[in-house]
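Chemist: Predicted structure and sequence below. I'll ask about it afterward.
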Amino acid sequence: MGINLRFIIAVVFVFFITGSCTKRDKELTNKESAEIHFNMGNEYLRVGDDKKAMEEWYKAKELDPANTRYLNNIATIIYNQGKREEALKLWEQLLSSPPTVMEATYAIINIGNYYKDKKEWTKAMEYYERAVKTSPNYFMSYYNIGLLYYEKGDMEKAEANFKKSISLSNKDAHSHYYLGNIYRERGKLDDAFAEWQRATSMYEKFYLPRYEMANYYFMNGKIEDAIKEYKTIINIEPDNPDFASIYANLGFLLIDTNKPDEAEKTFKKGREINKDKEKDFYFLDGLGWLNYKKGNYEESIKILEDAVKNTPPDNIQFLANEHYHIGMVYISIGKKNIARQNLEKAMQLNKDKRFIADIKGILSKLS
């Protein structure tokens, strides 16, 4: 769930019905035809078809070369395709033409994002501050400055800029999200939760604050609410590989609420869409623990030991959980010595006081 860079596309929707036009297509001027292609491109963008959007914008550019809106939109798409230097040239070309104030602002912010991606903080800040001077009341300039400070760890300046962005826009869900994260780091969890709620009320499909809300519910013992939030995220894009870890988290909560069949389906679906095979241990741990809960002890040990083998050595929290789970299985089959070895290993890896206290309570019963 990484930092969210927001590149800006100039989207101006002009709704029209082709059948009711007063002019026939052959009588349209180049500028009028270009406007139609521009808006068709925006419609394709809205439904997620970048390829057709680009085709329409290139047609618009051919018909009306002086209109710089096309340059910004094309540059933004090709930037996201990895053609960053090519995109930079288009934004610079836009600025060398006579763009409108807002077109110039979009390009300046996007160039700032280009340098931010390269970790050239000073250069990025120069462009963001230039954007503020160009459009003092445009919220995105302050959002990007806030994000730059957030990534650098200067939370006070990040907070100030996110709040400025929010004051200029009643739809700035991203600033509310990051403001919530800042409050979370300060231990102001209720304030953080309120910001995440505001973010999702503005943008229902914004899954990052929903993920934080699910964690908040879990920490406060509201397991059913956490489950509901995870399911809401998954329903946004069920096959999104970025949601694989959410399937894993949801699966464990379903085990805790005695829904083994649903938990198994959830783990298997997460494993199916997971593209990062190095994280397969998430699902192995879940499936191993599920088999323990079902009383399939031999299968459980086999899967959990496989999970340990596949877990990176630096992921000590998961390794601790896996050894804890293995220890519990061995207790159930009466092999106390092996159980003790795994539980003690879990304590060595995870120094959390509650975790250690729980294991010590279990070990005392083995004596």
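Modeler: Cool, got the structure.

Chemist: Could you use CA atoms for every contact and neighbour count after this?
Modeler: Will do.

Chemist: Which secondary structure state does Gly221 sit in?
Modeler: Classification of Gly221 by DSSP: H, G, I helix; E, B strand; the rest coil places it in coil.

Chemist: 502 is where my numbering starts, stick with that
Modeler: Noted, 502 is the first residue going forward, which turns the last one into Gly722.

Chemist: what number of residues lie near it?
Modeler: Number of residues near Gly722 (other Cα atoms under 10 Å) recorded here: 11.

Chemist: From Ala715, how far off is it?
Modeler: 11 Å (Cα to Cα, to the nearest Å).

Chemist: sec struct for Pro739, please.
Modeler: Applying three-state DSSP: Pro739 is coil.

Chemist: buried stuff in stretch 834-850?
Modeler: For stretch 834-850, the neighbour count (16 or more other Cα atoms under 10 Å) marks Lys837, Ala840, Arg841, Asn843, Leu844, Glu845, Lys846, Ala847, Met848, Leu850 as buried.

Chemist: give me every residue that touches the fourth one.
Modeler: This means Asn843. His824, Tyr825, Ile827, Gly828 (Cα atoms under 8 Å, 6 or more residues apart in numbering).

Chemist: Tell me how far whatever helix or strand it lives in lies from the chain's centre.
Modeler: Assessed by DSSP states H and E, Asn843 sits inside helix 837-850. Relative to the centre of its chain, helix 837-850 is centred 36 Å away, using Cα atoms, centre = their mean, to the nearest Å.

Chemist: Also stretch 748-764?
Modeler: The answer for stretch 748-764 is 22 Å, by Cα atoms, centre = their mean.

Chemist: that older thread, looking at the contacts of Asn843, which is nearest Asp757?
Modeler: Closest approach to Asp757 among these (Cα to Cα): Tyr825, at 15.8 Å.

Chemist: burial measure for the closest one, as a count.
Modeler: 22.

Chemist: And Ala808, by the same measure?
Modeler: Residues near Ala808, counting by other Cα under 10 Å: 25.

Chemist: Same check on Pro599?
Modeler: Pro599 has 13 neighbours, counted by other Cα under 10 Å.

Chemist: secondary structure class for it?
Modeler: For Pro599, the assignment made with three-state DSSP gives coil.

Chemist: Show the subsequent helix or strand relative to the helix or strand hosting Glu630.
Modeler: Using DSSP H and E, Glu630 falls within helix 622-635. Downstream of helix 622-635, the next assigned helix or strand under DSSP H and E is helix 640-653.

Chemist: now that following helix and helix 622-635, what's the angle there?
Modeler: Computed with axes from the mean of the first three to the mean of the last three Cα atoms, to 10 degrees, the direction of helix 640-653 lies at 160 degrees from that of helix 622-635.

Chemist: Show me the contact partners of the helix or strand that helix 640-653 is followed by.
Modeler: Going down the chain from helix 640-653, the next helix or strand is helix 656-669, by DSSP H and E. Helix 656-669 has contacts (Cα under 8 Å, 6+ apart) with 638-644, 646-651, 673, 676-677, 679-680, 683.

Chemist: Narrow the residues you listed to those that are buried.
Modeler: Buried members of these, counted by 16+ other Cα under 10 Å: 638-644, 646-651, 673, 676-677, 679-680, 683.

Chemist: ok so, going back, what's the mean pLDDT across the helix holding Asn843?
Modeler: Helix 837-850 carries an average pLDDT of 96.
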